[in-house]
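1. Coordinates for the following, if possible.
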Amino acid sequence: MTAGIEKASVTSRKFSLAVAVAVVLTALSGCAGSPSGDVQPSAPYASGGNVVGPRDTGSYPNLNIRPGQAAPQFTDGEAKAKLAALEAEREAARDPGRAARAKNDSAALRKLAASHGKDTLREIEGKCDPTLDPTCK
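-> As a prediction, the model looks like this:
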């Protein structure tokens, strides 16, 4: 039973040592800064030119200035015209046949399907059609 306690003791000492080394390394990495206290700003924060990031103007922004409109507003007539065009496109998407002025040929299509069905059954029952399969005998 004492062997288990000794192993746990050794493991906890190793863990404590690893934590202490990590703390020391972290403290030493903080000391590896610039040798002088003067730190030059990086390129995005430099003033002048085409600045990509924020820049220091030396004053606080005035939040009391109202932003302008991004685009001119629609009038009521323009809004109604756009809504009517949108509704027409929506109706055309619901029934594309009606929008293209297609005629209703459902009876002719049913007749064609019935006759093709009989022809197809004859071919299947005949097991072979030389026009479809040249290797057929």
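
2. so T57, which of the three states?
-> Look at T57: counting by DSSP: H, G, I helix; E, B strand; the rest coil, its state is coil.

3. since we're on it, how many residues are nearby?
-> Neighbourhood size, T57 [other Cβ atoms under 10 Å]: 8. To be clear about C-beta, it is placed using only N, CA and C from the backbone, and glycine gets the same treatment.

4. swap in the one 5 residues further on?
-> Residues contacting N62 under the criterion other Cβ under 10 Å number 6.

5. Which parts of this protein are helices?
-> 2-30, 76-94, 96-99, 106-125 (DSSP state H).

6. Tell me where the model's unsure across this protein.
-> 1-10, 30-51, 96-103, 126, 129, 136-137 (pLDDT under 70).

7. Roughly how far does A113 sit from S106?
-> As defined by Cβ to Cβ, to the nearest Å, A113 lies at a distance of 10 Å from S106.

8. One more: K127?
-> Going from K127 to S106 by Cβ to Cβ gives 34 Å.

9. What of S12?
-> Where S106 is concerned, S12 sits at a distance of 84 Å (Cβ to Cβ).

10. Ok, K82 next?
-> 36 Å.
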